[in-house]
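>>> One predicted model, sequence on top.
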Amino acid sequence: DGRGGYALAAGALGEGTLTLTDGEGLVPELGGSLRLRPLALVEGSAGEAAAEVTLSGPLTAPRLTGTLETRGAEALGVTLADTRGSFGGTLAELRGTLTQGEDPVATLEGRRLTLSGLTLGAAGGTLRASGTATL
């Protein structure tokens, strides 16, 4: 827009806005929001999966806050039980939690992801995933 604002358009994946404004020294401040629908990229998928993300802070260490939600999500023969979550922090220190129903099923703390009963359906059965991974 000539004032440091950008419109982001990724077709079926989603859209957003991004602004760069004067910051401290030569490092601009970042602001913006994204609305993403990742299932739109998977042919034959069904249901809904959406992420709403807000960006802020210096360009060298932006902060993210956001929410994730799935309803009736199915792709490639795998179904995901309805899931809700929120996250926030810098990229290096991102923290978040996902729930299915009232039960927390995944937590992210920095680079460590912990699953505790994340429920998926596949081949007529139910899968529950638990464990930790370093991203």
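The structure has been received and is ready for your questions.
>>> can you give me the strands for this structure?
For the chain, the strands defined by DSSP state E occupy 5-9, 14-21, 29-36, 46-58, 63-75, 78-80, 83-90, 95-100, 103-109, 112-122, 125-134.
>>> where's the residue with the largest distance to the centre of the chain relative to T90, distance?
Within the chain, G25 marks the point farthest from the mean C-alpha position, 30.7 Å out by C-alpha atoms, centre = their mean. G25 is 19 Å from T90, where distance means C-beta to C-beta, to the nearest Å. No exception for glycine: its C-beta is placed from N, CA and C like everyone else's.
>>> pLDDT value on the spatially closest residue to A61 that is not a sequence neighbour, please?
In space, A61 comes closest to T90 once its chain neighbours are excluded; the distance is 5.3 Å by C-beta to C-beta, 6 or more residues apart in numbering. pLDDT recorded at T90 is 93.
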